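S.K.: Fold the following, please.
(one chain, ligands or ions: 1)
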Amino acid sequence: MALPTKLLIDGQLLDGSGLLSVVDPSTGEPFVEVPRASQAQMEAAIAAAKAAQPAWGAAPLSTRRERLARFADAVAQHTDELARTLVMEQGKPLEQAHAEISYAEFFLRHFATAELPVEIVQDDEVLRVEVHHRPLGVVAGITPWNFPVLIAAYKLGPSLLLGNTFILKPAPTTPVTSLMLGALARDIFPPGVVNVVTDANDLGALLTTHPDVAKISFTGSTPTGRKVMASAASTLKRITLELGGNDAAIVLDDVDVAAVAPKIFAGAFLNAGQVCIAIKRLYVHDRVYDALCGALAAQADTSVLGNGLDASTSMGPLQNAAQYAKAQCLLDVAASDGTIVTGGIEARNSGYFVRPTIVRDITDGSELVDEEQFAPILPVVRFNDIDDVVSRANASPYGLGGSVWSGDIDRAYELAQRIDSGTVWINHHLHFGPHIPFAGAKQSGYGVEFSEAGLSEFGQTHVISIAK
Ligand code: NAD
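M.R.: Below you'll find the model as predicted:
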């Protein structure tokens, strides 16, 4: 690795007080050690970010944009190195790792040119009322292990554009690419504007309770999100929570099975199913149930599992040992509550590999249907009645995404309006972009990311009201 993998605090690349051993999930063996920060180092990062914020916030918008564009350039120049490291720490195939880095660059470029204009909400003979957006102060971005580069980028971009300074705290099992982003950021932003601090799941609470952190932008599981919300209450921090999901995809009786099967497969099994907005429950109309189960199983059987750096690999391992253990338990659930058409543990000597698994003859009430699996094990549930399937899809406490699949867009559109989730896709799944609001309903989140609405959550609404 040519890029340094040190902590970034106040413009300096530093060792930690200890080391984090990072495991390659394709072998289950450590491949690198990186610094692990102490509480004092996290305090130092917060102090540096606080000290740097007034000047950064006062800099012309054009300067902040230019620096963000340079950061996007730096990410682009190091795509290959970032992508290969991402494969090693996260497990995804190299092509998907390249796509993640490219998408991170794309989001950064979007935020480097985004607008959050002053809005005039009244201008008459009595008053002129303007709505501005001022920086909040220090923003902490807390990220999970499934898309560590993309999620870091889409938290850093809006934070810095709005004039905040930023602390990135990655998940302990995928810290390496985040530290590399820190090394790139050091040469572009003034000291303290970007800080990258790693932990062993022990420093998040310091960020969420610290009086000098103004906002937490958190992506992770719903249980941790609840802890973040509770601890942020003591200082009334601004929070955005992007949490877990259990997206239902509803397949109507009029689909072309051969045409939709590959798309549904991709929507469920990208990144070995470790995607917040993956298809996690598939409801299929009785008329096409057997055919779709068969087509998905056939597709699953073509998957080549292996180290993501091998060109032939189409699916990598699960990211960590805990997730692998959870998947093993869920395979037992699948066998007892349904029928495994194909899949299961991949026979290998090492690594956290689970084959794409299609489970049929299973229904609501099973843990595999009701809970977020975050693994390549897809329950396929039969339905006959539209009202019934809508109420089953909506019975989940989650509400991140969902999709409806039909040969008739009008029918699908009518159904889409009844799904209780932040996003509903018709005849596709998993799509999102920096211009599209992304907001989890129910236990899947709090607040909005992306779009103007998401951008405004990184600023303080500031009204100037002028009497005439
Ligand atoms: P996690 O909740 O275990 O960890 C997320 C982050 O929170 C890590 O950086 C972790 O170190 C940190 N953390 C742990 N305890 C903390 C505390 N008390 N205070 C503050 N931070 C703390 O999640 P994970 O297992 O890394 O990621 C998987 C989960 O993330 C899944 O549920 C998935 O659906 C969700 N996810 C959601 C989205 C989304 O946009 N909605 C995107 C990706 C992943």
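S.K.: what residues does the stretch 101-250 of the chain put near the ligand?
M.R.: 142-146, 169-172, 201, 204-205, 208, 219-221, 224, 227-228, 242-245 (C-beta under 6 Å from any ligand atom). (C-beta placed from N, C-alpha, C; glycine too.)
S.K.: Provide the backbone phi and psi angles at residue 13.
M.R.: Residue 13 adopts backbone torsions of phi -90, psi 120, taken as degrees, to the nearest 10.
S.K.: That one: what's its closest spatial neighbour, skipping adjacent residues?
M.R.: residue 6 (3.8 Å; C-beta to C-beta, 6 or more residues apart in numbering).
S.K.: what about the one you found, neighbour count?
M.R.: 20 (other C-beta atoms under 10 Å).
S.K.: these two touch, right, it and residue 178?
M.R.: No: judged on C-beta atoms under 8 Å, residue 6 makes no contact with residue 178 at a distance of 11.5 Å.
S.K.: Mind jotting down where the strands sit in the stretch 201-350 of the chain?
M.R.: 215-219, 238-242, 247-251, 279-285, 339-345 (DSSP state E, counting those that start in this stretch).
S.K.: Tabulate those strands (JSON lines), appending distance to residue 430 and mean neighbour count.
M.R.: As requested, the strands of the stretch 201-350 of the chain are exported to JSON lines (distance: least, C-beta to C-beta, whole Å; neighbours: other C-beta atoms under 10 Å):
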{"stretch": "strand 215-219", "distance to residue 430": "16", "mean neighbour count": "27"}
{"stretch": "strand 238-242", "distance to residue 430": "15", "mean neighbour count": "22"}
{"stretch": "strand 247-251", "distance to residue 430": "9", "mean neighbour count": "27"}
{"stretch": "strand 279-285", "distance to residue 430": "8", "mean neighbour count": "27"}
{"stretch": "strand 339-345", "distance to residue 430": "20", "mean neighbour count": "17"}
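S.K.: Adding distance to residue 441 and mean pLDDT, write the ones you listed out as TSV.
M.R.: Putting the strands of the stretch 201-350 of the chain into TSV (distance: least, C-beta to C-beta, whole Å; pLDDT from 0 to 100) gives the following:
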stretch	distance to residue 441	mean pLDDT
strand 215-219	16	98
strand 238-242	12	98
strand 247-251	11	98
strand 279-285	15	98
strand 339-345	30	97
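S.K.: Now tabulate the ones you listed in JSON lines and tack on distance to residue 387.
M.R.: Converted to JSON lines, the strands of the stretch 201-350 of the chain look like this (distance: least, C-beta to C-beta, whole Å):
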{"stretch": "strand 215-219", "distance to residue 387": "34"}
{"stretch": "strand 238-242", "distance to residue 387": "30"}
{"stretch": "strand 247-251", "distance to residue 387": "12"}
{"stretch": "strand 279-285", "distance to residue 387": "13"}
{"stretch": "strand 339-345", "distance to residue 387": "27"}
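S.K.: can you pull out the helices in the stretch 301-450 of the chain?
M.R.: With DSSP state H, counting those that start in this stretch, the ranges of helices along the stretch 301-450 of the chain come out as 321-337, 367-370, 386-394, 409-416.
S.K.: element containing residue 163?
M.R.: In the assignment (DSSP states H and E), residue 163 maps to no helix and no strand.
S.K.: nope, residue 8 is what I meant
M.R.: Here residue 8 is assigned to strand 7-9, by DSSP H and E.
S.K.: Report the mean per-residue pLDDT for that strand.
M.R.: For strand 7-9, the mean per-residue pLDDT is 99.
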